[in-house]
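> Need a 3D model of the following:
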Amino acid sequence: MSVNLTPLEIVEELDKHIIGQHKAKRSVAVALRNHYRRRQLAGDIQGEVTPKNILMIGPTGVGKTEIARRLARLAKAPFIKVEATKFTEVGYVGRDVESMVRDLVQASYVMVEAEKLGGVQERAAGNAEERLLEYLLPGGTEEGRGKMRELLRAGKLEDRTLEIEVRDERPPQMALPGMEEMGMNIQEMMANFMPKKRTRRKLSVAEAREALRGEEAEKLIDHDEVSRDAVSRAENSGIVFIDELDKVAGSEGSSGPDVSGEGVQRDLLPIVEGTQVNTRYGQVKTDHVLFIAAGAFNVSKPSDLIPELQGRFPIRVELEELSASDFQLILTQPRHSLTKQYTELLKVDGTRLKFEDSGVEAIAEYSAQVNADVEDIGARRLHTVLETVLEDVSFATELGDVTIDGAYVKRKLEDIVSDEDLSRYVL
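From the prediction side, this is the model:
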């Protein structure tokens with residue numbers, strides 16, 4: 001699958017969800033467009049064009065992860081986010097770096113399977129209806145089945161309870177120490193190779209229809225084809241976001257090389273350069289997977305990474321710290337901004353929330369002040385500040401019209417913000 005968007009169109013889409021960081025947006029837009037451009041090439045040159053991986057540098061909460069996540073959604077590409085600190089050097093206890101490729105292919109499989117299932121829903125619904133009629137009227141005549149079908153389609157049997165045989169979706173239970181850290185999930189492997197169990201369940205007609213339609217849809221798709229497409233999509237359009245890369249980099253102040261951290265870097269190198277990894281769906285080449293790495297690099301620097309890995313991230317983008325004016329835009333401008341989210345949430349309980357400009361400005365100013373005085377966690381500070389401001393409103397129900405203006409925000413926050421020790425724990 002390819003998404004034919006120009007870099008300008010990609011940036012415009014990202015602007016709907018993320019405030020600022022235009023250099024980073026331009027870089028990822030070009031990288032995504034080059035993914036598309038490469039697939040349009042003919043002949044041997046297509047295999048020679050490799051992705052230009054990106055290293056995003058900036059403090060926490062400025063949008064690094066969100067840019068990568070939105071980019072993947074925009075591209076309809078398989079995407080996973082991993083943290084470099086979760087991996088350990090080969091020979092140590094923990095996850096090996098190849099598990100990120102297995103996770104990417106699994107994400108690709110889920111994506112492709114959902115598309116295939118969506119294409120057979122009409123046929124699956126017809127087959128499910130026939131099976132449902134067998135349960136409702138076993139051995140009935142054609143005339144009887146016809147009348148029952150009319151009642152079924154008219155929705156007059158939805159609440160009737162019947163017992164049907166369906167596939168048992170419960171995975172085999174195993175609880176072994178460290179199992180969650182293994183790259184390939186043993187339970188998934190067992191589920192693949194063990195025969196599917198059947199079980200009888202009492203369901204309403206509405207529930208039975210959904211269960212049977214899901215089973216029939218599964219029968220109609222070619223799972224081998226899904227696996228092949230999943231591998232191909234992961235190889236040609238997959239995106240891996242590696243966060244906290246700075247945490248496995250050395251630093252000038254360290255007394256010696258960090259064996260585990262440097263080992264992780266060396267294990268990452270062949271994955272990023274291009275190698276083959278065995279997965280449950282077959283061998284996967286990583287030559288054309290796009291890798292986007294990120295880190296704050298407060299203690300270490302990008303130059304502290306091993307030279308070979310530095311060379312595999314040729315595009316460096318430094319993200320800017322967010323100001324109070326940026327916070328104001330974040331609160332109001334994105335399609336699903338925080339103020340819109342809270343407004344819709346509280347509307348469920350009959351509270352009509354209205355944010356005045358003075359209230360938004362005050363929330364942004366207090367958030368920026370706490371970031372400066374305590375610790376800069378970027379836009380994540382807005383969540384804690386908003387929760388504090390709206391605590392009483394969220395607790396109550398059916399308050400009617402509630403206006404959040406500058407005076408309201410000041411009453412809720414002034415005492416907390418003025419006490420630095422209290423700010424550390426509350427905000």
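> Is it correct that residue 203 falls within a strand?
Yes. Counting by DSSP: H, G, I helix; E, B strand; the rest coil, residue 203 falls inside a strand.
> Report pLDDT for it.
pLDDT, residue 203: 88.
> Quick check: which ranges of the stretch 151-300 of the chain have low pLDDT?
Counting by pLDDT under 70, the stretch 151-300 of the chain contains low-confidence ranges at 168-196, 250-260.
> pretty sure residue 293 is in a strand, no?
Yes. Counting by three-state DSSP, residue 293 falls inside a strand.
> so what's it up against?
53, 54, 55, 56, 84, 241, 242, 243, 245, 313 (Cβ atoms under 8 Å, 6 or more residues apart in numbering). Placement of C-beta: from N, CA and C, glycine included.
> Tell me the bridge partners for residue 354.
residue 403 (DSSP bridges).
> Next one: residue 156 from residue 126, what distance?
19 Å (Cβ to Cβ, to the nearest Å).
> cool, and residue 119?
14 Å.
> What of residue 331?
Noted for residue 331: a distance of 49 Å to residue 126, by Cβ to Cβ.
> where do the strands sit along the stretch 251-400 of the chain?
Ranges of strands within the stretch 251-400 of the chain are 276-279, 282-285, 290-295, 315-318, 351-355, 400-404, based on DSSP state E, counting those that start in this stretch.
> So which of the ones you listed is nearest residue 382?
Nearest to residue 382, of all these, is strand 351-355, at 12.5 Å by Cβ to Cβ.
> Now tell me what touches the closest one from outside.
331-332, 339, 342-343, 346-347, 390, 393, 396-404.
> Next up, the contacts around residue 205.
132, 136, 152, 157, 158, 159, 160, 161, 162.
> Compare residue 331 and residue 126 and say which is more crowded by neighbours.
residue 331 (25 against 11; other Cβ atoms under 10 Å).
> I'd assumed residue 338 was in contact with that one.
Yes. With contact defined as Cβ atoms under 8 Å, residue 331 reaches residue 338; the gap is 5.6 Å.
> so what's in contact with these two at the same time?
The contact lists of residue 331 and residue 338 share residue 382, where a contact means Cβ under 8 Å, 6+ apart.
> Show me how the chain divides into domains.
7-111+229-318, 123-220, 324-426 (automatic domain parsing).
> Pick the most deeply packed of those.
Of the domains of the chain, the one with the most neighbours on average (mean count of other Cβ atoms under 10 Å) is domain 7-111+229-318, at a mean of 19.
> so how far is the first residue of that domain from its last?
By Cα to Cα, to the nearest Å, the extent of domain 7-111+229-318 from end to end equals 19 Å.
> mind checking how far it is from the chain centre?
Taking Cα atoms, centre = their mean, to the nearest Å, one finds the center of domain 7-111+229-318 at 14 Å from the center of the full chain.
> what does stretch 387-402 give?
On Cα atoms, centre = their mean, the centre of stretch 387-402 falls 30 Å from the chain's centre.
> Next: stretch 199-211.
31 Å.
> Keeping just the C-alphas, turn that stretch into PDB.
C-alpha atoms of stretch 199-211 as PDB (Å, rounded to 0.1, in the frame of the first residue of the first chain):
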ATOM      1  CA  THR A 199     -16.800 -24.600  23.100                       C
ATOM      2  CA  ARG A 200     -20.600 -24.200  23.500                       C
ATOM      3  CA  ARG A 201     -21.800 -20.800  24.800                       C
ATOM      4  CA  LYS A 202     -25.200 -19.300  25.500                       C
ATOM      5  CA  LEU A 203     -25.600 -16.100  23.600                       C
ATOM      6  CA  SER A 204     -28.300 -13.800  22.400                       C
ATOM      7  CA  VAL A 205     -29.100 -13.900  18.700                       C
ATOM      8  CA  ALA A 206     -27.400 -10.500  18.300                       C
ATOM      9  CA  GLU A 207     -24.200 -11.800  20.000                       C
ATOM     10  CA  ALA A 208     -24.300 -15.100  18.100                       C
ATOM     11  CA  ARG A 209     -24.500 -13.300  14.800                       C
ATOM     12  CA  GLU A 210     -21.400 -11.300  15.500                       C
ATOM     13  CA  ALA A 211     -19.500 -14.400  16.700                       C
END
